[in-house]
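[1] Have a look at this prediction, sequence included:
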Amino acid sequence: MITIAIDCMGGDHGPSSTLPACRSFLNARSDVRLILVGLSGQLGDWTHPRVERLLASEVVEMHDPIELALRRKKQSSMRMAIEQVRDGRANAAVSAGNTGALMAIARYLLKTMDGIERPAIASQLPNVHGDSTTVLDLGANVDCTAEHLLQFAVMGSALVTVLKGKENPSVGLLNVGEELIKGNEVIKRAGELLREAAANGDLNFHGNVEGNDIFKGTTDLVVCDGFVGNVALKASEGLASMIRDFMRAEFSRSPLTRIAGLVAYPVLSSLKHRLDHRRYNGAALLGLRGLVFKSHGSADSLAFESALSRAYDAARLDLLGQVGRRIRHALPSATAASGSAAVPLT
């Protein structure tokens, strides 16, 4: 039985999105328990034998400073959900709340794995194959060293293996060109470290890739710093929104455009579905001693259910164990034997 703790108050829509997602998710699976964390009176009257309610007295708002969320709101729904993972009552926690606060609270409560200096945010961006490319970091670390990028590659490879069943996923280093001489000194050094790791059998390093390779699906995984990754994420979401708005506007202009729209609709609808970021919602906070997943703040119930599914798969397929084993193999000098053991449920 997989247990997931959910911050029902997080995000732009709170319980109006999270609760319908929880109902749908739970009804589709028989091996899941949910711990719903939220304010009294806002968790609804829905009951289920595999649902537990946990009342919080505070909510981390989207605009709250990290210091306020971490130091003062100790009874927030976000913090209490993560505490369930720390205390071994849940296998994973999911929140659509303030990203900075979520990362800070999760890092404070769960700590990082041995060998990992900074946790990273990893998620999937759609590609032309109708599949997705995993990208990290997506915003947790604006400035990264070459060693951080190597750590991201090791953790991201484990994530792809778990979620997609690829034992040896290909890794690309995001750069301004494919040539080895391209990029700043950090990127060049990161390339050296990744090639060394590949030579040792720790990674399947493809080499440098460019921004369009994310959407071409050139590699299974793309590694970059959080500044660049977040820009790529927002660009992907913006493209999907642009196509949706274009279809809505063009198909209502005139009888002629409506006719043209009927002809083009199947193709545009398929493209819209491929680029729908709701299908890929749910970013893993990698490098922690527990599973935490971040849902997009504007997620509707469909998108939030996708985040729940990713957390469920990560717990069911032992993402923590996969990450720990790869770190110990790839970064032996920085890890200890007990470095990344998952907290067992009792």
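    Nice, I can see it.
[2] just for the stretch 1-150 of the chain, where's the confidence low?
    Filtered on pLDDT under 70, the stretch 1-150 of the chain yields no residues whatsoever.
[3] At which residues are the strands of it located?
    Assigned by DSSP state E, counting those that start in this stretch, the strands in the stretch 1-150 of the chain fall at 2-7, 32-39, 51-56, 92-95, 120-126, 132-136.
[4] Tabulate the ones you listed (JSON lines), appending distance to M78 and mean neighbour count.
    Bear in mind the C-beta positions are built from the backbone N, C-alpha and C, glycine included. JSON lines is the format used below for the strands of the stretch 1-150 of the chain (distance: least, C-beta to C-beta, whole Å; neighbours: other C-beta atoms under 10 Å):
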{"stretch": "strand 2-7", "distance to M78": "5", "mean neighbour count": "26"}
{"stretch": "strand 32-39", "distance to M78": "8", "mean neighbour count": "22"}
{"stretch": "strand 51-56", "distance to M78": "8", "mean neighbour count": "17"}
{"stretch": "strand 92-95", "distance to M78": "5", "mean neighbour count": "31"}
{"stretch": "strand 120-126", "distance to M78": "16", "mean neighbour count": "25"}
{"stretch": "strand 132-136", "distance to M78": "22", "mean neighbour count": "26"}
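[5] Among these, which comes closest to Q84?
    strand 2-7 (3.8 Å; C-beta to C-beta).
[6] still on that earlier bit, take the strands of the stretch 1-150 of the chain and lay them out in TSV including distance to D300.
    TSV is the format used below for these (distance: least, C-beta to C-beta, whole Å):
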stretch	distance to D300
strand 2-7	15
strand 32-39	18
strand 51-56	21
strand 92-95	15
strand 120-126	17
strand 132-136	19
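[7] so V171 sits right up against F152, yeah?
    No - when contacts are counted by C-beta atoms under 8 Å, V171 is not listed as touching F152 (9.5 Å).
[8] Neighbour count for the two, which is higher?
    Using other C-beta atoms under 10 Å, the more surrounded residue of V171 and F152 is F152, with 34 against 26.
[9] okay, and the common contacts of V171 and F152?
    Common neighbours of V171 and F152 (criterion: C-beta atoms under 8 Å, 6 or more residues apart in numbering): V223.
[10] Of all the strands of the stretch 1-150 of the chain, which one comes closest to R86?
    The nearest among those, by C-beta to C-beta, is strand 92-95 at 9.2 Å.
[11] how far does that closest one sit from the chain's center?
    In terms of C-alpha atoms, centre = their mean, to the nearest Å, the centre of strand 92-95 is found 11 Å from the chain centre.
[12] do the same with stretch 291-307
    9 Å.
[13] Output that stretch as CSV, nothing but the C-alphas.
    Written as CSV, here are the backbone C-alpha positions of stretch 291-307 (Å, rounded to 0.1, in the frame of the first residue of the first chain):
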residue,chain,number,x,y,z
LEU,A,291,9.9,11.9,-2.0
VAL,A,292,8.3,15.3,-2.6
PHE,A,293,6.6,16.3,-5.8
LYS,A,294,5.7,19.8,-6.9
SER,A,295,2.5,20.4,-8.9
HIS,A,296,2.2,23.5,-11.0
GLY,A,297,0.5,26.3,-9.0
SER,A,298,-2.2,26.8,-11.6
ALA,A,299,-3.0,23.0,-11.9
ASP,A,300,-6.6,22.0,-12.4
SER,A,301,-7.8,18.6,-11.2
LEU,A,302,-6.5,16.8,-14.2
ALA,A,303,-3.1,18.3,-13.9
PHE,A,304,-2.9,17.6,-10.1
GLU,A,305,-3.9,14.0,-10.7
SER,A,306,-0.9,13.7,-13.0
ALA,A,307,1.3,14.9,-10.2
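[14] Can you point out the buried residues in it?
    Neighbour-count burial for stretch 291-307 flags 291-296, 299-301, 303-307 (criterion: 16 or more other C-beta atoms under 10 Å).
[15] Let me have the residues you listed in a markdown table, adding distance to D213 as columns.
    Formatted as a markdown table, the buried residues of stretch 291-307 follow (distance: C-beta to C-beta, whole Å):
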| residue | distance to D213 |
| --- | --- |
| L291 | 29 |
| V292 | 28 |
| F293 | 26 |
| K294 | 24 |
| S295 | 26 |
| H296 | 23 |
| A299 | 27 |
| D300 | 30 |
| S301 | 33 |
| A303 | 25 |
| F304 | 29 |
| E305 | 30 |
| S306 | 24 |
| A307 | 26 |
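[16] Now render those residues as a markdown table, adding pLDDT.
    Formatted as a markdown table, the buried residues of stretch 291-307 follow (pLDDT from 0 to 100):
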| residue | pLDDT |
| --- | --- |
| L291 | 98 |
| V292 | 98 |
| F293 | 97 |
| K294 | 96 |
| S295 | 95 |
| H296 | 91 |
| A299 | 89 |
| D300 | 93 |
| S301 | 94 |
| A303 | 94 |
| F304 | 96 |
| E305 | 96 |
| S306 | 95 |
| A307 | 96 |
